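K.L.:
Predicted model and sequence follow; I will ask about them next.
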Amino acid sequence: MSEQQERGGVRPEPVIEPLLVRVEEAARILSLSRSTIYEMMDAGELPSVRRGAARRIPLAALHAWVARQLGPHPPQ
């Protein structure tokens, strides 16, 4: 038994952010519909990974898409 377990402490599990998300999760994250996400993937606007019939979207691609939507901001 470790010293921390003997004192009754519990180590929290580290939070691991996913690299890929399902279409439904991407839709929720971007506040868009599933069909819109599929349209974006089909148009090449949003990259995806296929494994069999499953499609997953890199979380980094969602962040990049939002950044592109914001566009360059003029200096203030």
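P.N.:
Right, received. Where do you want to start?

K.L.:
Surely Glu17 is in a strand?
P.N.:
No - looking at Glu17 with DSSP: H, G, I helix; E, B strand; the rest coil, it is coil, so not inside a strand.

K.L.:
what's near enough to touch Glu24?
P.N.:
Counting by Cβ atoms under 8 Å, 6 or more residues apart in numbering, Glu24 touches Arg34. C-beta: built from backbone N, CA, C; applies to glycine.

K.L.:
what mean pLDDT does the helix or strand containing it have?
P.N.:
Using DSSP states H and E, Glu24 sits in helix 23-30. Here helix 23-30 scores 98 as its mean pLDDT.

K.L.:
again, but for stretch 34-50
P.N.:
Averaged over stretch 34-50, pLDDT sits at 97.

K.L.:
Can you list the strands that the host helix or strand of Arg50 pairs with?
P.N.:
Using DSSP H and E, Arg50 falls within strand 49-51. Paired strands of strand 49-51, with direction, are strand 54-58 (antiparallel) (DSSP bridges).

K.L.:
Residue nearest the middle of the protein, spatially speaking?
P.N.:
Central residue of the chain (Cα atoms, centre = their mean): Leu59, 2.9 Å from the mean position.
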